[in-house]
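[1] Got a predicted model here, sequence first, then my questions.
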Amino acid sequence: MAAKLLLISSRPEDRIVWQAVANVNHLELRVASTLDAVSDIVTSERQIMVIWDGDQRESLSAIGQVLLSFVSPLRVFSVTDRPLNAYPDLFRFPAFGHHLMRRYDSPGPILLSKLVSAASIPCPFGVERLLPAGTLVQRIVLKRSGQKQAAIAAVESVLKSQNVTPRLASMVAQATDELLMNALFDAPVDTDGQPSRRKVPRSADFELDERSRVELSLADAREYLAVQVADSFGSLKKDTVLRFLRQNFQDAPYVPRTSDHGAGLGLHGIIQGGLSALFVVKPHERTEVTLLFKKAETFKAFRDSFRFVSLLT
């Protein structure tokens, strides 16, 4: 665990929330809002975790360059008032591995603490890391590709039992379908690292060997729900995720490209729809993609709740 948490912000609400996050994770909070102060801290504390106010437009470029030079993007959280598509300038400085909207109502701070904890260790696998202690997790292992629909039906059943609004339930089911398609058809690679099922019809039903089996996890964490899809290839690359995020924020119609590795990710629907996502990848070994969303009584309440994209690859 990093010893310090640097908050680059002058906003009082940021100070209150991130002080609480620092306390939970046993970190010393440092606060800076000027380029000189940020430079002094990050050049002397190479393992520091950084919370970066992306709404400081006047210093965005300069601070972004400093962070990119001295801090791993996996340890930098960019926080903004609005969705990521409102901040195209952030993509000019790929100094961050996590984007958070400034949504601090419960259970937001709980998840922020868990994300900081996850970012402090290598390959933080396991959906349990994102859940309160003692939360029960249901797991389904797909041994045939044709079991995908049954797995999605299981997700829909859980959402229905939790009284998730039909609109949100439909979005989550579609996102789960996208992630399962990626795990079944885009993630598998051969010994040379080349995609091995890219040309297989998506409707095909075939047996999955032990390595190709796909894990689906479902968890009810009281205030929020988690759906995780995992494969044993670890072929998803950070550049692929960022490329699709950039594409999705250009306001162009989204058309899935079956010829492109990773096209099944469906990031357009996942991110633009307001679902939060954590990507954890260990190359050649495992990929986990976790969707998280608030158990809200209305779709508007869901849209107004916590929202983030985190990349730990």
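    Sure thing, it's come through.
[2] those strands in the stretch 101-250 of the chain, which residues are they?
    137-142, 214-220, 224-231 (DSSP state E, counting those that start in this stretch).
[3] Can you tell me the strand partners of the longest one and which way each runs?
    Strands flanking strand 224-231 in the sheet, each with its direction: strand 214-220 (antiparallel), strand 286-294 (antiparallel) (DSSP bridges).
[4] tell me the most buried of those?
    Across those, the average number of neighbours (mean count of other C-beta atoms under 10 Å) peaks for strand 286-294, which reaches a mean of 23. Quick note: C-beta positions are derived from backbone N, CA and C, even for glycine.
[5] counting contacts, what elements does whichever helix or strand comes after it pack onto?
    Per DSSP states H and E, strand 286-294 leads on to helix 299-303 as the next helix or strand towards the C-terminus. Using 3 or more C-beta pairs under 8 Å, 6 or more residues apart in numbering; DSSP states H and E as the contact criterion, the neighbours of helix 299-303 among helices and strands are helix 166-181, strand 286-294.
[6] Give me the buried stretch members for helix 299-303, please.
    Of the residues in helix 299-303, those scored as buried under the neighbour-count criterion (16 or more other C-beta atoms under 10 Å) are Phe302.
[7] any idea how far Ile121 lies from Leu115?
    From Ile121 across to Leu115, the span is 12 Å (C-beta to C-beta, to the nearest Å).
[8] Which one of the two is surrounded by more residues?
    Higher neighbour count among Ile121 and Leu115: Leu115, with 23 against 12, using other C-beta atoms under 10 Å.
[9] Surely the more buried one touches Ser310?
    Yes: because the distance of 5.7 Å satisfies C-beta atoms under 8 Å, Leu115 is recorded as touching Ser310.
[10] which residues are common contacts for these two?
    In the contact map built from C-beta atoms under 8 Å, 6 or more residues apart in numbering, the residues linked to both Leu115 and Ser310 are 98, 278.
[11] What pLDDT is listed against the nearest residue to Ala169 once chain neighbours are set aside?
    If the residues on either side of it in the chain are set aside, Ala169 comes closest to Leu159, at 4.2 Å by C-beta to C-beta, 6 or more residues apart in numbering. In the predicted model, Leu159 carries a pLDDT score of 94.
[12] Enumerate every residue touching Ala173.
    So, once contact is read as C-beta under 8 Å, 6+ apart, Ala173 ends up touching 152, 155-156, 159.
[13] from those residues, which ones fall inside helices?
    152, 155-156, 159 (DSSP state H).
[14] Out of the residues you listed, which comes closest to Phe93?
    Sorting the ones in helices among the contacts of Ala173 by how near they are to Phe93, with C-beta to C-beta, puts Val155 at the top with 36.6 Å.
[15] residues near the closest one, how many?
    Neighbouring residues of Val155 were enumerated by other C-beta under 10 Å; the total is 23.
[16] Done for today, thanks.
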